[in-house]
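>>> sequence first, then the predicted structure, then my questions.
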Amino acid sequence: MTGHGVPLELYQLVAALLFTIGLVGVLVRRSALVIFMSIELMLNAVNLSFVAFSRLHGQMDGQIFVFFVMSVAAAEVAVGLAILVAIFRNRETASVDDVHLLKG
Amino acid sequence: MGLNQLWLVPALPLLGAILNGIAAGKLPRKVVSVIGVGSVGLSLLIALACFRELLALPEDARRVTQGLFTWVQSGDFQADVRYALDPLGAVMMLVVTGVGFLIHVYSTGYMGHEKAYGRYFSFLNLFTFSMLTLVLADNFLLMFLGWEAVGLCSYLLIGFGYQRPAAAEAGKKAFVVNRIGDWGFLLGIFLIFVTFGTLDFSAVFAQAPQKLAVGSALAAAIALLLFLGAVGKSAQIPLYVWLPDAMEGPTPVSALIHAATMVTAGVYMVARCHVLYLLSPVALLTVAIVGAATALFAATIGLVQNDIKRVLAYSTVSQLGYMFLACGVGAFASGIFHLMTHAFFKALLFLGAGSVIHALSGEQDLWKMGGLKPHLPRTHATVLVATLAIAGIFPFAGFFSKDEILWNAWLHGGPVLWGAGVVGAFLTAFYMFRLYFLTFGGRSRVTEEAKHHLHESPNSMTVPLIILAVLSLVGGLVQVPLLSGGQRLDAFLEPVFADAALVAGTGVAHGAASVAGSAAAHGAASGAAHAPGVEITLMVISLIVALSGIFVAHRFYVADPDLPCRLAERAKGFYRLLFNKYWIDEVYDSRIVQPIYRGSVRLWERFDAAVIDGAVNGVGKQIERGAALLRQAQTGYVQVYALILTLGAVVVLGYLALR
Amino acid sequence: MSPAFTVLGVPILTFLTFFPTVGALLLLLLPSARPGAIRAAAFLVSLITFAASIPLFTQFDSTSRGMQFTEQAPWVPGLGISYHLGVDGISMLLIMLTTLLTAVSILASFSAITSRVKAYMVTFLLLETGMIGVFAALDLVLFYVFWEVMLIPMYLLIGVWGGPRRVYAAVKFILYTVAGSLLMLVAILYLYFAHHGATGMYTFDLLELYDTPLMRGAQLWLFGAFAIAFAIKVPMFPFHTWLPDAHAEAPTAGSVILAGVLLKMGVYGFVRFAMPLFPEAAFAYTPWIIGLSLIGIVYGALVAMVQQDVKKLVAYSSVSHLGFVMLGLFVWNTQGIQGGILQSINHGLSTGALFLAVGILYERRHTREIGEFGGLSETLPWFAALFLIVCLSSIGLPGLNGFIGEFLVLLGAFRASPVVSAVAATGVILAAVYLLWMFQRVMFGPVTNEKNRGLKDLTRREFWTLAPVIFFIIWIGVYPNTFLRKLDTSVAELMDRVHARTLSLGAPPVPGASLAPGAGLVRGTSLAPTAPQPDPPAGAGGAD
Amino acid sequence: MAEVILFTAFALTAVAFALGVIFRRNAVHCALHLVGVLLSLSGMFVLLNAQFIAAIQILVYAGAIMVLFLFVVMLLNVKGETPLLTPGAAKGFGFLFALIAFVELLWIVLAPGGEEVAPPPAPPLVPGFGSPAAIGRALYTTWLFPFEVTSILLLVAVIGAVVLAKRKFF
């Protein structure tokens, strides 16, 4: 498959779109859980971009990076959700607006 | 034993000091005495042997040095621990070891009941070492070591009875005032090194006439800086204030340090550096004026003091003034001569006073004495000899030495200096006999309590008195005026002061160097060559003056005891001025000490703490305040942080996009 | 060069630097419940370190120039950082001082420190590593690392075992010092890149950087940055206010080390780094530094005079004494620099001993207010004798160490400018005033305060803390040549290095030099009969 | 041509599901939408010759991670939030910044290369590109060290999660 029917820029376009949607989710939602999901969305957008570049250059490195990103995402989700559970148990909320103890 | 063992002369007392110091009072008194007195005694014997060997040398070879090791060396600077013996040093060495030995012996009696007996002898031995180092040093730096070390011993011994605040205070005052003088001395040493490239006496004095022009500012600066040191050590105006207070020390200490030896170090130093002084007429004149002024000034204060030791202290200040007067008019040998005789009779006076105080269980007030003659026969006799000697009555030692100074003052200094000396002589005779009459003459004013214990001192105290009395009686005979070949001391010291002529030879041409020039004349031709008529006249005048002083004292304090009170009543202001010592101490305190102290407090509180530290702490405060402002940005809302993060990302992306 | 000298197979400088650390690690193994064993072990470690430093002195070749006992190994070769140790006479003496004072301080802490003994001893030994490292390092990064490493134990010593205001004092100490050393770090980096720019080689090696050509403007900035770091450490007026606080709050041993060694690091920094690296700037700043030194001498003495707290008094006296040291360094002649370095050793001994003495008083009465004392000579005769010797050494009495240093400094200063010397010499008078007055109020007079009755005299241990210091006080006073000779080539090399690069500048502008009475002064120096050794100001003066 | 159709389909579903993720009120719905996005992406990965990545995208992401999400969502049983979005200015700024970021990304992606040479034509793919064997070989040779570090990261995450979730932690 030397030629490719779809220009690779379009994959980047989709990635950018997904990334932006994820960003909006992070910035405007109140639920910590959904924010987390939005972050996953952003990570996936980047993954898409990586894979597309990997295809473009014909090198495996991009795919390896995706592999690592997934590992990090898994770790992040595990710890992040644990934190959420802990917070919720104490404060009965999953809304980020109600958790601002770090106020200076 | 002899010149090869010269270093032992100072070393033995040092050893004694270390032994007694380390033993720290654990030794029995007998052993302490043997170590303390024995070390100085041995030192005296070696000194005598050295002196004999020195005499055996030909006159122009009478300078022996003995180097021990290099003390300080840095770059082109070098100073050795090196002792030198020449006639001047020999005279000083004999005075120090001789009088020192007698006073050590005396101390075994006087301090017999003292708790810190070992400490006392340790200090006294240390002093002897320091003083010998001072007079035997071969360079300025080693001399300065001795100079400061005698100051330390003076501090330690004045403050020997440190439980009394007055003693502790007096010790500190002595040290600090001396330090002011030493400031000048130190700068003088620097100037000498910078000028000559060495501090060795022989090299400096040999180069001086070539390197320094007569009357040059440099010569004057060196001489005056050194003189500042002498003023401090020898208690001259304006730094004399420590000496009267130093009487807080034990009486033998006053005799040794504050009468016979240490305080004369300044005179010795000026004599030692006579070459430098001769190169600067200004400095010589200053020395003469300060000496004469001090002689007169201190004598007036001595007139009305009531503490027996303080009278002697002011008398010492006054007599030191005479010695400086002699040096100032270029008669260095006369100054040394008076130094020597003064060591005898003033030590004797102090020891006698000590004997009286001892007998009266510590009483020092003249008005609580009187009529002691029958009770203290030996003390009385010896003190009388000393009093006659200091008053300058023929044929006691003081007559010869004081007269020589007055003669030289007339000859080279002019009638004003001479006049000051003569008035001083009158006052001296008066206050010394006042002291004598109040102590031994008249009716007894001794308290009943003290009368009970009244006793003559033990032999250990009276024998030194007798020896000193003999010396006071015959000591003047080494230098008999008007008699050809009678000036044995002059002749002995001649090799030391001979270069005075050399120096002056270069300066004679200048009118400005007249003082130096006439000094040279003096050096070249000894006394007998001067017009004998004038000299005899002057001698008679001073004798008459001394006798009239005695007469007035007798009239005041024996014949008509109420007279002084009436006189004091009539001239109340003047009396109070004298009695309060011209309020000099008070003036120093209020004009110098207090302003410096208060200024320092202000400097600390209002500048150090407020300004400097305030600035430091202020910086900290400002940072804290700034941080408090920045803290507002930390809202604690995650999404605000995320928003700011996004903003950053947007900016970076924008940069990448538009690049 | 001396042959490589090893202790137990380890090169001596590495051994000296890291043996205390090893000892500290071993100390950690001891049970905290047995403070006696911990104290003894710590003292043993410090004693071994001191013993091991003696060969440094005896094997030192005082005739050869350059660094001795050198060791060099790559550390971060990519950045040109190496583990480079070596000493010359100056740092050798300072290392000796460090090992001596550390052993003495640990001995002095036996009874003073009763809480967290293990932590204290470990901290102290780590501090020793830092201090020796500072003096031995010949690589700027290595030096900087040791410089910062040593701050932390000192911070802890003050902050944990100090007096009531210890936290304030500790924070002030560390912030002040770090502020200065950060400036130095920036200067070091600039120098590093400038050296690369000139030679194309990246290195932090001091001996290489000595030859970095720098523009005058750059030198002025770099010297300024180094000088502020070191001036804070010295401390020079007006950067001194951390010192009285730190001293007043630090435990006795902390004060001893602070005064005895840490202040010397500032002096050492000037000698080893600021002056030879930027000679032109050092010349340009000379009038300022001399001016500040003079102010420090007089100001420190005046303020010391009115202190009520003995420790603060000694702290301000340090400001005065270190003024002498700095004055000596910046008059640019052999006597001045040798005297300045010797005086900094002297100050370490004398002031260290003064703090020991104050500590001994404090342990008995738990106060340092002068007014609380009085008449102690009666009850503490041995202490009185030793205390007096120490005071006299600090006053500068001939025959004791202080005099030699002050004399050489003042002599050097006089050669440069009589006026400066005259002003500085007033500090000698004032020293007598404040120390003797303090001594009088503490030791003399009647016992007015009942609490002062029946105090115990020195214990044997306390005696042995003071005795070695006094031994050296007298040694230096009587025969200073033992130590001065070790400095000869090092000082000569410093001056050669500086003058090689500043020949065109002539003599440094010492304030008041023009006021010298008569031209005879200047000519006098060149007429000096024994001047085989080139004496810079004279030589430079003769050149023009 | 099939590729184009497939790509368009995957892209549209991905974007649609993504919008669902961020705008659905119910968290369970959100999570399910996210699964949709992940599946669509996995399809695109296949189109891009990343078969192995596509597989683990489904296995790990859609399988493991999303299950965890759903599990937590249900465990917490969060009531529907009111209001849905952050109130006030933060919301407006959020949309604004996201929009700007998108424009910038578009600009970067679509901007002509300028003077830079056009991207070289895609090199011919080596046989087995994206296969498990190829990935494995790269992972265990060139990327061995990061791979091992990843294991540590996961270990730490496991420990962290356990510690945080323990009841007594706070």
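That came through fine. These figures come from a predicted structure and were not determined experimentally.
>>> can you get me a residue count around residue 21?
Here I'm looking at chain A. 26 (other Cβ atoms under 10 Å in any protein chain shown). C-betas here are computed from N, CA, C, even on glycine.
>>> let's do chain C instead
Look at C:Thr21: counted by other Cβ under 10 Å, it has 17 neighbours.
>>> go on, B:Gly618?
11.
>>> against which helices or strands is the strand or helix carrying it packed?
In this assignment (DSSP states H and E), B:Gly618 forms part of helix B:613-631. Helix B:613-631 makes packing contacts with helix C:166-199 when contacts are defined by 3 or more Cβ pairs under 8 Å, 6 or more residues apart in numbering or on different chains; DSSP states H and E.
>>> in chain B, which spans are strands?
B:64-74, B:77-85 (DSSP state E).
>>> distance between the ends of stretch D:136-151?
In stretch D:136-151, first residue to last residue: 15 Å (Cα to Cα, to the nearest Å).
>>> ok so C:Thr70 is a strand residue?
Yes - assessed with DSSP: H, G, I helix; E, B strand; the rest coil, C:Thr70 lies in a strand.
>>> for it, give me its contacts.
Shown in contact with C:Thr70 (Cβ atoms under 8 Å, 6 or more residues apart in numbering or on different chains): C:1, C:84-86, C:138.
>>> kindly report the same for C:Glu71.
Going by Cβ under 8 Å, 6+ apart, C:Glu71 touches C:4, C:11, C:13-14, C:83-86.
>>> got it, and B:Leu94?
B:47-48, B:51.
>>> same question, B:Met111
By Cβ under 8 Å, 6+ apart, the contact set of B:Met111 is B:117, B:120, B:250, B:252.
>>> tell me, how many residues neighbour the first one?
By the criterion of other Cβ under 10 Å, B:Tyr117 has 21 neighbours.
>>> quick check: closest non-adjacent residue to A:Leu56.
Leaving out its chain neighbours, the residue that sits closest to A:Leu56 by Cβ to Cβ, 6 or more residues apart in numbering or on different chains is A:Leu8, at 5.1 Å.
>>> the one you found is in contact with A:Arg55, isn't it?
Yes - contact status for A:Leu8 versus A:Arg55: in contact at 6.8 Å, counting by Cβ atoms under 8 Å.
>>> neighbour-wise, which of these two wins?
Comparing A:Leu8 with A:Arg55 by other Cβ under 10 Å, the one with more neighbours is A:Arg55, at 24 against 16.
>>> now do the contacts for the closest residue to that one other than its chain neighbours.
The shortest distance from A:Arg55 to any non-neighbouring residue, by Cβ to Cβ, 6+ apart, is to D:Leu48 (4.4 Å). Contact analysis of D:Leu48 by Cβ under 8 Å, 6+ apart lists A:11, A:51-52, A:54-55, D:130.
>>> relative to chain B, how far out is A:Thr20?
Distance from A:Thr20 to chain B, counting by Cβ to the nearest Cβ, to the nearest Å: 11 Å.
>>> and that residue, backbone torsions?
phi -60, psi -40 (degrees, to the nearest 10).
>>> show me the contacts for it.
Shown in contact with A:Thr20 (Cβ under 8 Å, 6+ apart): D:98-99, D:101-102, D:105.
>>> picking that back up, pull the most distant pair out of the contacts of B:Met111.
Largest separation among the contacts of B:Met111 by Cβ to Cβ: B:Tyr117 and B:Pro252, giving 12.6 Å.
>>> among the contacts of B:Leu94, which one has the most neighbours?
Neighbour counts for those peak at B:Ala47, which has 26 neighbours (criterion: other Cβ under 10 Å).
>>> what does the stretch 151-300 of chain B put close to chain C?
Counting by Cβ under 8 Å from any Cβ of the partner chain, the residues of the stretch 151-300 of chain B lying close to chain C are B:152, B:155, B:159, B:162-165, B:167-169, B:171-172, B:175-176, B:179-180, B:182-183, B:186-187, B:190-191, B:193-198, B:211, B:216-218, B:221.
>>> what about chain A: which of the contacts of B:Met111 touch it?
Residues of these in contact with chain A (Cβ under 8 Å from any Cβ): none.
>>> let's see which of those end up in helices.
Judged by DSSP state H, the subset of those located in helices is B:117, B:120, B:252.
>>> turn these into CSV, including pLDDT.
Shown next, in CSV, are those (pLDDT from 0 to 100):
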residue, pLDDT
B:Tyr117, 89
B:Tyr120, 91
B:Pro252, 91
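>>> export those to JSON lines and tack on distance to chain D?
Listed next are these as JSON lines, based on distance: Cβ to the nearest Cβ, whole Å:
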{"residue": "B:Tyr117", "distance to chain D": "78"}
{"residue": "B:Tyr120", "distance to chain D": "78"}
{"residue": "B:Pro252", "distance to chain D": "85"}
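>>> in the stretch 151-300 of chain C, what residue is nearest chain A?
C:Val171 (21.2 Å; Cβ to the nearest Cβ).
>>> what's the local residue count around that residue?
16.
>>> and it, what does it touch?
Applying Cβ under 8 Å, 6+ apart to C:Val171 gives the contacts C:Gly159.
>>> tell me the pLDDT at it?
Listed pLDDT for C:Val171 reads 91.
>>> burial count for residue 34?
Just so you know, I chose chain A. 29.
>>> you answered for a different chain; I wanted chain C.
For C:Arg34, using other Cβ under 10 Å, the count is 13.
>>> quick check: it vs chain A, distance?
Separation of C:Arg34 from chain A (Cβ to the nearest Cβ): 43 Å.
>>> residues contacting residue 100?
In the absence of a named chain, chain A is used. Counted by Cβ under 8 Å, 6+ apart, A:His100 has contacts B:635-638.
>>> if you could check chain D rather than the one you did, that'd help
By Cβ under 8 Å, 6+ apart, the contact set of D:Ile100 is B:650, B:654.
>>> next helix or strand past the host helix or strand of it?
Assessed by DSSP H and E, D:Ile100 sits inside helix D:89-110. Scanning forward in sequence from helix D:89-110 by DSSP H and E, the next helix or strand is helix D:132-140.
>>> packing partners for that following helix?
Short answer (3+ Cβ pairs under 8 Å, 6+ apart): helix D:132-140 packs on helix A:61-91, helix D:51-56.
>>> list the buried ones in the last one?
Neighbour counts over helix D:51-56 (16 or more other Cβ atoms under 10 Å in any protein chain shown) mark D:51-54, D:56 as buried.
>>> ok, now the first one?
Applying a neighbour-count criterion of 16+ other Cβ under 10 Å, the buried positions in helix A:61-91 are A:62-68, A:70-71, A:73-88.
>>> from those residues, list the ones also adjacent to chain D.
Applying Cβ under 8 Å from any Cβ to the buried residues of helix A:61-91, those adjacent to chain D are A:63-64, A:66-68, A:70-71, A:73-79, A:81-86, A:88.
>>> dump the residue contacts of residue 11.
Just so you know, I chose chain A. Contact partners of A:Tyr11, counting by Cβ under 8 Å, 6+ apart, are A:48-49, A:51-52, D:7, D:44, D:48.
>>> to clarify, I was referring to chain C.
Contacts of C:Pro11 (Cβ under 8 Å, 6+ apart): C:4-5, C:69, C:71, C:85.
>>> go with 6 Å
Contacts of C:Pro11 were listed using Cβ atoms under 6 Å, 6 or more residues apart in numbering or on different chains, and they are C:Glu71.
>>> now do B:Leu256
With contacts defined as Cβ under 6 Å, 6+ apart, the neighbours of B:Leu256 are B:Ile103.
>>> cool, A:Ile64 as well?
Taking Cβ under 6 Å, 6+ apart, we find A:Ile64 in contact with D:138, D:143.
>>> now the residue of chain D found nearest chain C: how far from A:Phe68?
Closest to chain C within chain D is D:Phe145: 19.6 Å, counting by Cβ to the nearest Cβ. Per Cβ to Cβ, to the nearest Å, D:Phe145 is found 12 Å from A:Phe68.
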